[in-house]
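*Asks:* with the input below, show me the fold.
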Amino acid sequence: MQQHNHILNEQDDHLQEIGDIAGRLQSAAKNINIEIENQNHIIKELDKEVDTTQNKMNFVQKKLGELLKTNDQGQICTILILFGVLCVLIFLTFYT
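*Replies:* As a prediction, the model looks like this:
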């Protein structure tokens, strides 16, 4: 009888340990779920921003394609000079 009680006590101890482990796993799973939801939200926002940027890039590419079809050398030279000035200004902004 005493051996039987000892076995029952050991089983109770093991079940208690399993219960504690299950509680820690549940807590970790909840934390992981919260992090995944946060990351999912960030990814959705990033996806929207990428779509917006892609639309802007498509617009710029369309306008650039129209510009390159232009035979007006003066307009192309003006754009290249302005681009050069922009590059110089950006350089001066970062290195002064």
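
*Asks:* and Trp76, how many residues sit next to it?
*Replies:* In this structure residue 76 is Ile, not Trp. 13 (other Cβ atoms under 10 Å). The C-beta positions use only the backbone N, C-alpha and C, and glycine is treated the same way.

*Asks:* avg pLDDT for stretch 79-96?
*Replies:* Stretch 79-96 shows a mean pLDDT of 90.

*Asks:* residues in contact with that stretch?
*Replies:* Here stretch 79-96 makes contact (Cβ atoms under 8 Å, 6 or more residues apart in numbering) with Leu67.

*Asks:* chain center to it: distance?
*Replies:* Here the centre of stretch 79-96 is set off from its chain's centre by 31 Å, with Cα atoms, centre = their mean, to the nearest Å.

*Asks:* separation between His41 and Arg24?
*Replies:* Taking Cβ to Cβ, to the nearest Å as the measure, His41 falls 26 Å from Arg24.

*Asks:* scratch that, Tyr95 is what I was asking about
*Replies:* For Tyr95, the distance to Arg24 (Cβ to Cβ) stands at 54 Å.

*Asks:* who has more neighbours, these two?
*Replies:* Arg24 (10 against 6).

*Asks:* buried residues of the lowest-mean-pLDDT helix or strand in the chain, list them for me.
*Replies:* The weakest-scoring helix or strand in the chain, judged by mean pLDDT, DSSP states H and E, is helix 73-95 (a mean of 88). Of all the residues in helix 73-95, not one is buried under the rule 16 or more other Cβ atoms under 10 Å.

*Asks:* just want the most central residue of this structure.
*Replies:* Geometric centre of the chain, nearest residue: Ile43, 4.8 Å, by Cα atoms, centre = their mean.

*Asks:* give me the pLDDT for that one.
*Replies:* At Ile43, pLDDT is 96.

*Asks:* which residues of this protein fall in helices?
*Replies:* Taking DSSP state H to define them, one finds helices in the chain at 2-68, 73-95.
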